[in-house]
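Enquirer: Test case, fold it:
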Amino acid sequence: MKAGERLAPRSVHLSGQQVQFGWDRDRAPLVTVPSGSTLTLHVPEASGGQVNKGSTYATIADLDFERVNPTCGPIYVEGATTGSALQVEILNIRTGTWGWTAQIPGFGLLADQFPDPWLRIWEFEEQQTRLTDGIRVRLHPMCGVIGVVPAEHGVLSVVPPRRVGGNMDIKQLGEGATLYLPVAVPGALLGIGDPHAAQGDGEVCGSAIETSAEVVVRVTVRKDLSIESPEFDVPGALERTSAAKAGYHATSGIAPDLITAARQSVERMIVYLGSRYRLEAQDAYALCSVAVDLRISEVVDAPNWVVSAFLPLDLFDPRL
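Expert: Numbering: from 1, shown residues only. Predicted coordinates:
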C-alpha cells in the first residue's frame, strides 16, 4: 500500500459466535475494517443462549449476568482516533422467529414489587406477536446495545450504559437511524448486541422482547464531529402511525424525583391494565416494558416533576 493511499470500504460478516462479554480496550479486535465499511452481524439474544423456547422460571432464577448481552465485536475501524466520532448507520434489522421477556429477581424499575422470576416466550407472526387473544404487540426491531470501548482499562460490565454508548436501550435506534459515538480508544472497538423485537421507552421490567437478529450497519469515521456523549438521527415521525390513529391512555406519576415519578406512572398503568383488560400483574408489567412509553412531562415546577406512561391503544382488539 502506498503512503496516503486509502483502503476501500468492504463488506464484513460476523457470526453469532464472534462475540465478547463486557468491554475491554486491551482485547484484540475480531476484525479490522476501513471507514465506510458495511457490517452484517448475526447477533445472539441477550441471554447468550441461556434462554430458549423450552425455558422455565427456573432459567431466569439462575441467569448468569456475566453472560448477558454478548456483543458482536470488538470491531476496529481504521482512522478512528480519540476525540473523533464513529457514525453507525443502521441499514437493516431482521429478527429471529421468537423472543422472550423476563422479570429477573432484583432487576427492573419495580424489582421490589416483583421479586419472583417470571418468563414469557413470544412467537412472531407477520410483524406482530400475541400476549393474549385480544392483545397484540407490533414488532419494531432495534438494538439495545451499540457502543465503543471506554477509555478505562480492565473488563467492564456491559449492563450499564456509558458516555461512549453501550446498553442504552433507545428504542428509536432501529432501521434507518444513525448513531454517533465519541471515540475513546484508537479504532473505536465497536460492539453491537441485545436485539429487541419490540420495546417501550424505559424497558421498565428490565427486558424487552429479547430476540436474535441479523443486523446490517455501515460505520464511518467522522473527524469533523466532536461530541461528548451519544447523539442520533431518526428518520420520519417518532410516533407509530397505527398508534397515533388509535390514541393512547396515559397514567402519571408526580414526585420530587424522576425515578419515584416513573415508578408511580408504571404502578398506575399496571392497575389500569388489570382493571380494564383483566391482566395479571406480571403480564401487565411485561406489557409496560415492551410497549408502554415513559415520557418526562415536566421538570421545571419545583419541587415536583411529572412522568407519564403512554399506552398505545392499537394493542387491543376494539371488542375488549
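Enquirer: This protein - how does it break down into domains?
Expert: Using automatic domain parsing, the domain parsing of the chain gives 11-233, 243-315.
Enquirer: Quick check: end-to-end length of the first one?
Expert: Length of domain 11-233, first residue to last, Cα to Cα, to the nearest Å: 23 Å.
Enquirer: Check the shortest one too.
Expert: Domain 243-315 has its terminal residues 8 Å apart, counting by Cα to Cα.
Enquirer: Tabulate the domains of the chain (CSV), appending mean neighbour count and mean pLDDT.
Expert: (Glycine included, C-beta is placed from N, CA and C.) As requested, the domains of the chain are arranged in CSV below (neighbours: other Cβ atoms under 10 Å; pLDDT from 0 to 100):
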stretch, mean neighbour count, mean pLDDT
domain 11-233, 19, 97
domain 243-315, 18, 97
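Enquirer: what's near enough to touch Gly200?
Expert: Listed by Cβ atoms under 8 Å, 6 or more residues apart in numbering, the contact partners of Gly200 are Lys171, Ala208, Cys288, Ser289, Val290, Ala291, Val292, Asp293, Leu294.
Enquirer: can you map out the helices along this protein?
Expert: For the chain, the helices defined by DSSP state H occupy 57-61, 241-246, 258-277, 281-291.
Enquirer: could those be laid out in CSV, adding distance to Val155?
Expert: Shown next, in CSV, are these (distance: least, Cβ to Cβ, whole Å):
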stretch, distance to Val155
helix 57-61, 24
helix 241-246, 40
helix 258-277, 28
helix 281-291, 28
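Enquirer: pretty sure Ala177 contacts Ile90?
Expert: Yes. Counting by Cβ atoms under 8 Å, Ala177 does reach Ile90; the two are 5.1 Å apart.
Enquirer: Could you find the closest non-adjacent residue to Leu109?
Expert: Nearest residue to Leu109, sequence neighbours excluded (Cβ to Cβ, 6 or more residues apart in numbering): Val204, at 4.4 Å.
Enquirer: Would you agree the one you found is in contact with Ala286?
Expert: No. If you go by Cβ under 8 Å, Val204 and Ala286 don't touch, sitting 9.4 Å apart.
Enquirer: Find the residues that touch each one of these two.
Expert: The contact sets of Val204 and Ala286 do not overlap (Cβ under 8 Å, 6+ apart).
Enquirer: Now do Asp56 against Ser35, distance only.
Expert: Actually, residue 56 is Thr. It isn't Asp. From Thr56 across to Ser35, the span is 46 Å (Cβ to Cβ, to the nearest Å).
Enquirer: Glu123 now?
Expert: 40 Å.
Enquirer: same thing with Gly79?
Expert: 5 Å.
Enquirer: now Asp116
Expert: Asp116 sits 48 Å away from Ser35, going by Cβ to Cβ.
Enquirer: and what of Ala281?
Expert: Distance, Ala281 to Ser35, by Cβ to Cβ: 49 Å.
Enquirer: Ok, Val292 next?
Expert: 39 Å.
Enquirer: ditto for Asp233
Expert: From Asp233 to Ser35 the distance is 18 Å (Cβ to Cβ).
Enquirer: Surely Gln18 and Pro74 touch.
Expert: No. Gln18 is not in contact with Pro74 according to Cβ under 8 Å; the separation is 10.1 Å.
Enquirer: Find residues that contact each of the two.
Expert: Leu30.
Enquirer: which residues touch the one residue sitting closest to the centre of the chain?
Expert: With distances taken as Cα atoms, centre = their mean, Gly144 lies nearest the centre of the chain, 2.1 Å away. Taking Cβ under 8 Å, 6+ apart, we find Gly144 in contact with Ala46, Asn69, Asn167, Met168, Asp169, Gly193, Asp194, Pro195, His196, Gln199, Glu203, Ala208.
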